[in-house]
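I'll drop the sequence and a predicted model, then ask my questions.
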Amino acid sequence: MSHSRNSRTEIERIALGSRVRVAEARELEAFLRKWSSHDPLEPGQMLCAGRVARVVGVRVHEGRDLYVLEDLPGLWHPACLRPGEVRNFA
């Protein structure tokens, strides 16, 4: 199940060191409206729309991977991330 045609499925994992692009603002806004579970976006994360960053950590919460991005605030749900300059999935 995916949130949009560009998002990954929950089964795919993003490898540490991968470069990812944060979804565009309209996609982040849609995620905020639709996502009623835990791990909502923080207000400062909206300012990161479209930015490319390296994955530097992963936290597992209730069986879901949430990603730490270099120099960007908060934890990121995979539905809010797109392949960056180099696709490097595990």
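Structure received. Computed from a prediction, not measured in an experiment: that's the story for all the values here.

How far off centre is the strand of greatest length in the chain?
Taking DSSP state E as the assignment, the strand of the chain that covers the most residues is strand 52-61. The gap between the average C-alpha position of strand 52-61 and the chain average comes to 8 Å, counting by CA atoms, centre = their mean, to the nearest Å.

Sheet partners, orientation included, of it?
Strand 52-61 has its sheet partners listed here by DSSP bridges as strand 19-22 (antiparallel), strand 64-69 (antiparallel).

Compile these into CSV and extend it with columns for distance to Ala79, mean neighbour count and mean pLDDT.
(Each C-beta comes from the backbone N, C-alpha and C, glycine too.) Listed next are the strands paired with strand 52-61 as CSV, based on distance: least, CB to CB, whole Å; neighbours: other CB atoms under 10 Å; pLDDT from 0 to 100:
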stretch, distance to Ala79, mean neighbour count, mean pLDDT
strand 19-22, 11, 20, 96
strand 64-69, 10, 18, 94
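
Dump these to a markdown table, plus distance to Leu41.
Converted to a markdown table, the strands paired with strand 52-61 look like this (distance: least, CB to CB, whole Å):
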| stretch | distance to Leu41 |
| --- | --- |
| strand 19-22 | 10 |
| strand 64-69 | 11 |
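
who's in contact with the longest strand of the chain?
Residues from elsewhere that reach strand 52-61, judged by CB atoms under 8 Å, 6 or more residues apart in numbering: 13-22, 38-39, 65-72, 75, 84-85.

export it as CSV, just CAs?
What follows is the C-alpha trace of strand 52-61 in CSV, where atoms were taken according to Å, rounded to 0.1, in the frame of the first residue of the first chain:
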residue,chain,number,x,y,z
VAL,A,52,18.2,16.2,-1.0
ALA,A,53,19.9,14.6,2.0
ARG,A,54,21.8,11.5,3.0
VAL,A,55,20.2,8.9,5.2
VAL,A,56,22.3,8.7,8.4
GLY,A,57,20.1,6.7,10.7
VAL,A,58,16.9,4.6,11.0
ARG,A,59,14.6,4.2,13.9
VAL,A,60,12.0,1.5,14.1
HIS,A,61,8.7,2.4,15.7
